[in-house]
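# Attaching a predicted model along with its sequence, questions to come.
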Amino acid sequence: MDFDEFKERIRHSFKIDLGGYKEKQLKRRLNSLMGRYGTADYGYFYQLMVGDRAVLNCFLDNLTINVSEFFRDPKMFRFLEEVILPDLLLKRPGLKVWSAACADGAEPYSAAIILEDLAPGKKHILEATDLDQKILVKAKEGRFSSESVRNVSKGRLDRYFLKDGKDFLLKERIKEKVMFRFQDLLTGVFRTGYDLIICRNVAIYFNRESQNRLNEKFVQSLNCGGVLFVGGSEIIMNYAELGLTRVATGFYRKDK
């Protein structure tokens, strides 16, 4: 089985589109993973994934790089808290927020904590999606290491977390604010009506065509005046063509 057939089998069997990823980077990571299973044969590795969910989960972990933490890039999250969200709340007291490729849930939970501090008791819709079912289960549990919460202030740790050995458990009143579901950003249908979309350090793994298509779909999903929040190293070169205004590093507002 060659690499193209492998990608097609993955798309057909698991509804995951590998065609949108940067091929050299994807092959390098995939070949390294296959080496851990003692094979260089795509067909054999595909059969391993079909027969063993643990191998598939390992592949998905390797594909999606489930690295996240609360308030990752603190300066950017301060801007979100002090400028972006207060402005959105002035226009709409109940916000609809989507955290795309949410990994273990640290970023949508960060947004939930900020909104609870800015507008206590207000009802918002916070959705979080990922293509890795295993990581979604972990996200729903709300258990995080001390490293994951290193940017959380002591006040917020006391208010929103419970200490459990070396871990920190998010309190139910924050966990229940976020709804998690499966979605592949390259193949899934996007919902609409969002005031804020958070998708950080994900598109860097996609090829240029897929990045452009993804940004177009994000814009279509945003309300007028809504904001797209991306990673600090991610630059949307054609933001004006998409109807966006660059507000600050990592923040783009939909104008029309």
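Cool, got the structure. Only a predicted model underlies this, so the values are computations on that prediction, with no experimental measurement involved. Numbering: from 1, shown residues only.
# what's the helix or strand for the spatially closest residue to Asn57 that is not a sequence neighbour?
Leaving aside its chain neighbours, Asn57 sits nearest to Lys134 (4.6 Å; criterion: C-beta to C-beta, 6 or more residues apart in numbering). Every C-beta, even on glycine, is put in place using the N, C-alpha and C of the backbone. According to DSSP states H and E, Lys134 maps onto helix 133-141.
# now that helix, how far from the chain's geometric center?
13 Å (C-alpha atoms, centre = their mean, to the nearest Å).
# tell me which residues of it are tucked away?
In terms of neighbour count (16 or more other C-beta atoms under 10 Å), helix 133-141 has its buried residues at Lys134, Ile135, Leu136, Lys138, Ala139.
# just checking, Ala232 is part of a strand?
Wrong residue type there; residue 232 is Gly, not Ala. No - Gly232 is assigned coil when assessed by DSSP: H, G, I helix; E, B strand; the rest coil, not a strand.
# Was I right to think it contacts Gly250?
Yes - with contact defined as C-beta atoms under 8 Å, Gly232 reaches Gly250; the gap is 5.2 Å.
# which residues do these two both contact?
Common contacts of Gly232 and Gly250, defined by C-beta atoms under 8 Å, 6 or more residues apart in numbering, comprise Asp73, Met76.
# so what's the residue nearest to the spatial centre of the chain closest to, chain neighbours aside?
Central residue of the chain (C-alpha atoms, centre = their mean): Ala101, 2.4 Å from the mean position. Setting aside the residues directly before and after it, Ala101 is nearest to Val202 in space (C-beta to C-beta, 6+ apart), at 4.2 Å.
# do you know how far that neighbour is from Ala103?
In this view, Val202 and Ala103 are 9 Å apart by C-beta to C-beta, to the nearest Å.
# do Ser233 as well
Distance from Ser233 to Ala103, by C-beta to C-beta: 17 Å.
# Those two: which has the busier surroundings?
More neighbours surround Ala103 than the other of Ser233 and Ala103, with 24 against 11 (other C-beta atoms under 10 Å).
# From Glu23, how far off is the more buried one?
Here Ala103 is placed at a distance of 23 Å from Glu23 (C-beta to C-beta).
# next one: Pro86
Distance from Pro86 to Glu23, counting by C-beta to C-beta: 42 Å.
# Then Gly121?
49 Å.
# try Lys123
44 Å.
# before we move on, back to that, Gly121 and Glu23: which is more packed in?
Comparing Gly121 with Glu23 by other C-beta under 10 Å, the one with more neighbours is Glu23, at 12 against 5.
# what's the spacing between that one and Asn207?
Distance from Glu23 to Asn207, by C-beta to C-beta: 7 Å.
# Which residue ranges of the stretch 51-200 of the chain form helices?
Secondary structure of the stretch 51-200 of the chain (DSSP state H, counting those that start in this stretch): helices at 53-64, 74-79, 85-91, 106-118, 133-141, 154-160, 172-175.
# So what touches the second one?
Where contact means C-beta under 8 Å, 6+ apart, the residues beyond helix 74-79 that reach it are Phe71, Ser110, Ile114, Asn151, Phe229, Gly232, Ala248, Thr249, Gly250, Phe251.
# By pLDDT, rank those residues and give me the bottom one.
Lowest pLDDT among the contacts of helix 74-79: Gly232, with 86.
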